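Asks: I'll drop the sequence and a predicted model, then ask my questions.
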Amino acid sequence: MMQIDPSLVDWSRWQFALTAMFHWVFVPLTLGLSIMMAMMETMYTRTGDEHWKKITKFWMTLFGINFAIGVATGIILEFEFGTNWSNYSWFVGDIFGAPLAIEGIMAFFMEATFLAVMFFGWNKVSKGAHLTSTWLVALGSNLSSLWILVANAWMQNPTGTTFNPDTARNEMSNFWEVLFSPTAINKFLHTTASAYLLSAIFVIGVSAWFLLKNREKLFARRSIVIASIFGLFFGLYTVITGDASARHMAQVQPIKFAAMENLNYGRENAPYTAFGFLKNNADEEILKDTKLKIEIPNMLSFMAYLNPHAFVPGIVDLVYGNKEKDIMGVNEKIEKGRLAIEAFRVYKEAKNEGDVTKADLAMNVLNQNYSYFGYGYFTEAAQAIPPVKLTFYSFRWMVYLGFLFIILMIYFLYHGIRDTLGKHRWMLVIAIIAIPLAYLASQAGWVVAEVGRQPWVIQDLMPTFAAVSHLEVSSVKLTFWLFAITFTTLLIAEVRIMLAQIKKGPNHGGK
Amino acid sequence: MFENLSLLTLQQYWYFIVSLLGALLIFLTFVQGGQTLIYRLGKTELERTLIVNSIGRKWELTFTTLVTFGGAFFASFPLFYSTSFGGAYWVWMLILFVFVIQAVSYEFRSKPKNLLGQRTFDVFLFLNGFLGTILLGAAIGTFFTGSQFQINKLNLTQLPQSGSPIISQWTGPAHGLEAVLNLTNVALGLSLFLLARILGTLYIINTVEHDKINQRARKDLMISSPLFLVFFLWFLISILTKKGFAVDPATQMVYLEPYKYLHNFLQMPIVLILFLLGVILVLWGIGLTLFKKSSRGFWFTGPGAIFAVLGILLVAGYNNTAFYPAVNWSLGEGTDTFNTFMQSSLTIQNSSSSHYTLTVMSYVSLLVPFVLAYIVWAWRSINKVKVSEKEVEENTHSY
C-alpha cells in the first residue's frame, strides 16, 4: 500500500508558505493605502484644492504597481488549495469553498472593476462618481480580506460544521457560525488593523524621504498627517484585537498558546515572558528552556483568562494529559480518533451491506469521537506539538515592533500637526527604516498564526500531512523553484519601479 | 426561496452558473487574444502603446473572472476542484503561471527601472495569450475526452502506518499535460486561441482610433477566422460523433453511449438553439467586420462566444452526463476493469456541495446581476472615448 512521502508534505508546505508570504508582501499595503487614497481624494473633492489631487494620484500610482503583483501572487494561492491540498479540498470543500467564491463575487469584482474607473476615469466620470469608485476599491479590497480571513479562521476553529459519513466529508451546517465565529472576527479585525498600520508606516516613510531631500514639503506633511492619524488609531486597535486574539487562542488552540510562550509546565499565576532565548532541554527531547528571561508576573494568566491567578496549561499538560486539571492527553485523543476513523469505515461497510443496525451503531461511535478524528492519523503524542522556537520568536518580534510603531505614530502626528517635522532628522531616517520592519512584523504575525497551528490544517480534524495531493515530490519541487524565482524577480522589479516612481514625486501626475 | 428546491435542481442551477462564468471567461479572453497581436498589429512604439492601452484596461476583468470561476467551482463542485486541480497539476499550474506573468506586465512594461525591459513584459503578455488560451481549451476538452484518475473516499480510513488517506489518484502519465496529446483537446485549445484572437481583433477595431492598426486588424481577421472555423468544426464533429459518458439516473452508473453529445443537443433543444444562436452571432460579427467594414462586430461575436461556449459546457454536464469523465482506454473498452475505472467519473450529482451550501451560495448568486450592472457601467464609462494618441496622452495612467 502506498504511503505519504514526508518530503512531499514538506515541499507542499514550503510552496504554500512561499506563495502566501509573497502574497502578504503586497496585500497589507493594498488594504490600507486604498482607504488613505480615498481619504485624500475626499479632501480633494471637498476643498477643490488641486494639490490634494496630485497627492491622491501619486499614491494611486504606487497602489497600482502594488496591486498588480498582489493579484499575481493571489491567484496561485487560491488554486493551490486544489493543486497541492486536494485531499483537504474534498474533506472540507463544502465549507471552505464558499468564502472563496463569495470573495470573488462580492469583493474582487468590485475592486477590479472600480480600479479601472479609478485609473482611467478621471476625465470620463463625474468627480463624485470617481470618488465613489475610489472608495469602492477600498471597500472591495477590504471585503476580500474579510472572506479570506473567514476561511483561514475556520481552519483554526472549525465551527458550523458536521461530518457526513455518507459523502465522506465535512459539511456546512450553519453559515452564520462560520462567518461570525469569534476566531474569524478577531482575525479579521487584527489582521486588517495591522495592515492599516503597515500602510501608514509606508506613507510616512516615503514622505519622510522627501523631507530628508527637502522636497515636496506640503505633500509630505499632508500625507504624514493623514497617515499618522490613521496609523495611530489602527495601531492601538491592533493591540486591542491582538490581545483578544490571544485570549481566544488560549481557549480554542491551547497548545499553540503554550508554544507561543514556551510554557512547558502549566501553572497558576503564569508570568508572561517579555524577553528570552530558547535552548533545547537536556533531558526532555521535546522541550525547550527559556534562558535570560525577563518576566512580567501573572501577566500570562491575565492575558489568557483575565484573571491573574488562573491556571494556564503547558505543553506537557496538553501532550501527556493532566488528570488534576481534567486535561486529556494526546494518546487518549489518538485512541478516540482511531475509534472515529474505524467507525466511519464500519459505517460505510454496513451501508454497503444494507445492515441498518450495524450502521446505526457505527454512527453512534463516530459521533461520540468525531471531534478527535484527526488525532487518529497520529502515531505518537509528540506530533501534536507545533514548532516552538519559530512561534515563540515570531510572536515576540511582532509585539516589540508593534509597540515601536505606535510610538512612531504619536511622534509624527504631534510634529505633523505642529509643522515641526524636520526638527529631528534622525527620526525621518527611522521612519524610512520602519517600512521594512513593518513588513517583517506583519509576516511574523502570520508565522505565529500558521506555524503555531501545526500539525493541523484543520484544528483537530485533519493533520497537514493528510491534506496533500498525491504528486511526485519532483513536480512540487519544480513548481516551488519556478515560483520562487518568478516571484523574487517580480519583487525586485516591483521595488525598483516603486523607488523610481517615488523619486519622480507627486508633480508628475502619476505618469 | 432556494432552500425548498431539490438538491438536483440546485446542482443544475450551479452547473449553469459555473458554465456561465466559464463562458464569460472565454469571451473575456479577448484580452489574451489581443496580447498576441501587439506586435502583429503595432509596428511602431506608438501603435503598440495604443493596442496595449486598449485591451489593458480590461485585463483585471478577465483575471477576476478566472479567479471567481475557480472559487465558484470549488464552492459548488468541490470534488472537481480536488480531483482536477490536484491531479491535472501541470496543466493548471502552467495556466496559472502564464496568468501570474500577465498580471504584472501591464503595470510594469512601460515603467522605468522595470528590471526585465519592456520587450520581456510584452513576451509575457504574448505567452499568456497563446499558452493561456490553448491550455484552457485543452483542459476543457477533457470534459468530453476524459482523464485518467481514480477516487476512493474510503482511503480516508487509511492510517499512515498502513497506507495513504488521499482519496484521489491521477494515473495520467504527465499529471494533466497528457491532455495535449489528444487531438480533440488540441482542436478545442486551438479554437479557443483563435477565437480569443478574433475577439481581440474585433475589440481593437472597436476601441482604437488608428487607421493603420484598423487595416492590419481586418487583414488578420481574414486569416484567423477561417482557421478558427477549421479547428472548431473539427472539435465539434469529433465530440458529436464520439461515444460520450452517460450516467444511468437510477443507479448512477457511468457507461459509454454512442453519439451521447449529439443526443444531448437533440434532447435539450433550448441548449441547441442557444448554441446555434451563438455560432451565428460569432460568424455575424466577423462578417460585419470583414464585408460591411463595421467596427461593431465585437458586439455580435462577443455575446455569440458566450452563448456557444455556454451551450457546449451545458452539453458536457446536463442530461445525465458525466462532466469530468474518468477513463483509461488501455484497459480495453467493455472490460470489467475499464467499466470499474469509469465509475470514478464526476457527475454534477456526485461531485457537488451539500444542499445547505448550495442554498447559501444560491443566495450569494443573487448579487451577480448587481455585479454585472456595475461592470457594464464601468465599461461604458471608460470606453466612451476611443483610444487614440490624444486620449492616452491626456490620461494620467497608461501602460
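Replies: That came in fine, so what should we check first?
Asks: Which residue ranges of the chain form strands?
Replies: Looking at chain A here, since you left the chain open. For chain A, strands defined by DSSP state E occupy the ranges A:161-164, A:169-172, A:272-280, A:288-296, A:456-458, A:462-463.
Asks: that's the wrong chain, I wanted chain B
Replies: Under DSSP E, chain B gives strands at B:149-151, B:168-170, B:243-247, B:254-258.
Asks: what residue ranges in the stretch 1-150 of chain A score low on pLDDT?
Replies: Where the stretch 1-150 of chain A drops to pLDDT under 70, the residues are A:1-2.
Asks: now B:Arg40, nearest residue through space, not along the chain?
Replies: Spatially, and ignoring its direct neighbours in sequence, B:Arg40 is nearest to B:Asp220 (6.3 Å; Cβ to Cβ, 6 or more residues apart in numbering or on different chains). Placement of C-beta: from N, CA and C, glycine included.
Asks: To clarify, my last question referred to B:Ser398.
Replies: The shortest distance from B:Ser398 to any non-neighbouring residue, by Cβ to Cβ, 6+ apart, is to B:Val392 (5.2 Å).
Asks: dump the residue contacts of residue 71.
Replies: Let's take chain A. B:Glu60, B:Phe63, B:Val67, B:Ala103 (Cβ atoms under 8 Å, 6 or more residues apart in numbering or on different chains).
Asks: That was the other one, I meant chain B.
Replies: A:Glu78, A:Gly97, A:Leu100, A:Ala101, A:Ile102, A:Glu103, A:Gly104, A:Ile105.
Asks: related to what we said a few turns ago, counting neighbours, what do you get for the residue nearest to B:Arg40?
Replies: 19 (other Cβ atoms under 10 Å in any protein chain shown).
Asks: With A:Phe373 instead?
Replies: When neighbours are counted by other Cβ under 10 Å, A:Phe373 comes out with 26.
Asks: swap in the one 3 residues further on?
Replies: When neighbours are defined as other Cβ under 10 Å, A:Gly376 has 24 of them.
Asks: quick one: it and A:Ala343 touch, right?
Replies: No. Using Cβ atoms under 8 Å, A:Gly376 makes no contact with A:Ala343, being 10.2 Å away.
Asks: now the residue with the largest distance to the centre of chain B, nearest residue through space, not along the chain?
Replies: Taking Cα atoms, centre = their mean, the residue of chain B most remote from its mean C-alpha position is B:Gln161, at 41.6 Å. Counting by Cβ to Cβ, 6+ apart, A:Thr379 is the residue found nearest to B:Gln161 once chain neighbours are left out, at 6.4 Å.
Asks: close enough to count as contact, that neighbour and B:Pro160?
Replies: Yes. Contact criterion Cβ under 8 Å: A:Thr379 and B:Pro160 qualify, at 6.6 Å.
Asks: Of those two, which one has the most company?
Replies: B:Pro160 (17 against 10).
Asks: wait, what's in contact with B:Ile166?
Replies: A:Ile4, A:Ser86, A:Asn87, A:Ala466, A:Val468, A:Ser469, A:His470, B:Asn155.
Asks: Of all the residues in stretch A:196-212, which ones are buried?
Replies: A:196-211 (16 or more other Cβ atoms under 10 Å in any protein chain shown).
Asks: Which helix in the chain has the most residues?
Replies: With no chain named, the answer covers chain A. Taking DSSP state H as the criterion, chain A has its longest helix at helix A:6-47.
Asks: sorry, should have said chain B
Replies: helix B:211-241.
Asks: Which strands and helices lie in contact with that helix?
Replies: helix B:38-41, helix B:45-55, helix B:183-207, helix B:260-267, helix B:269-291 (3 or more Cβ pairs under 8 Å, 6 or more residues apart in numbering or on different chains; DSSP states H and E).
Asks: give the contact list for A:Val457.
Replies: A:Trp85, A:Tyr88, A:Met155, A:Pro463, A:Thr464, A:Ala466, A:Ala467.
Asks: Without its sequence neighbours, what residue ends up closest to residue 389?
Replies: No chain was given, so I picked chain A. A:Leu278 (5.2 Å).
Asks: ah, I was thinking of chain B
Replies: B:Leu46 is the one closest to B:Glu389 (Cβ to Cβ, 6+ apart), at 6.3 Å.
Asks: I'd guessed the one you found sits against B:Val387; true?
Replies: No. B:Leu46 lies out of contact with B:Val387 (Cβ under 8 Å); the separation is 11.5 Å.
Asks: quick one, which of those two is more surrounded?
Replies: B:Val387 (27 against 13).
Asks: ok, now how distant is the more buried one from B:Gly285?
Replies: 20 Å (Cβ to Cβ, to the nearest Å).
Asks: Equivalent analysis for B:Ser164, please.
Replies: For B:Ser164 relative to B:Gly285 (Cβ to Cβ), the value is 51 Å.
Asks: who has more neighbours, these two?
Replies: B:Gly285 (24 against 20).
Asks: so who does that one touch?
Replies: B:Leu202, B:Gly297, B:Phe298, B:Trp299, B:Phe300, B:Thr301, B:Gly302, B:Gly304.
Asks: In terms of pLDDT, where does the fourth one sit?
Replies: Here the pLDDT value assigned to B:Trp299 is 97.
Asks: Could you report the neighbour count for residue 331?
Replies: As the question left the chain open, I've gone with chain A. Neighbours around A:Asn331, by other Cβ under 10 Å: 16.
Asks: ah, no, chain B please
Replies: 16.
Asks: who's in contact with it?
Replies: Contacts of B:Leu331 by Cβ under 8 Å, 6+ apart are B:Thr337, B:Phe338, B:Phe341.
Asks: Go through those residues and flag which are in helices.
Replies: B:Thr337, B:Phe338, B:Phe341.
Asks: Of those residues, grab the buried ones for PyMOL.
Replies: Of the ones in helices among the contacts of B:Leu331, the buried ones can be selected in PyMOL as follows, counting by 16+ other Cβ under 10 Å:
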select buried, chain B and resi 338+341
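Asks: For chain A, tell me which of the ones in helices among the contacts of B:Leu331 show up nearby.
Replies: Applying Cβ under 8 Å from any Cβ of the partner chain, the subset of those adjacent to chain A is empty.
Asks: So what's the residue count around the residue in the stretch 251-400 of chain A that chain B sits nearest to?
Replies: At 4.0 Å from chain B, A:Arg345 is the closest residue in the stretch 251-400 of chain A, using Cβ to the nearest Cβ. The local packing of A:Arg345 (other Cβ under 10 Å) involves 17 other residues.
Asks: ok, for it, nearest residue in space, not its chain neighbours?
Replies: B:Thr157 (4.0 Å).
Asks: any idea how far the nearest residue to A:Val125 once chain neighbours are set aside is from A:Gly452?
Replies: Among residues not flanking A:Val125 along the chain, B:Ser381 sits closest, at 5.0 Å (Cβ to Cβ, 6+ apart). Computed as Cβ to Cβ, the B:Ser381 to A:Gly452 distance reads 47 Å.
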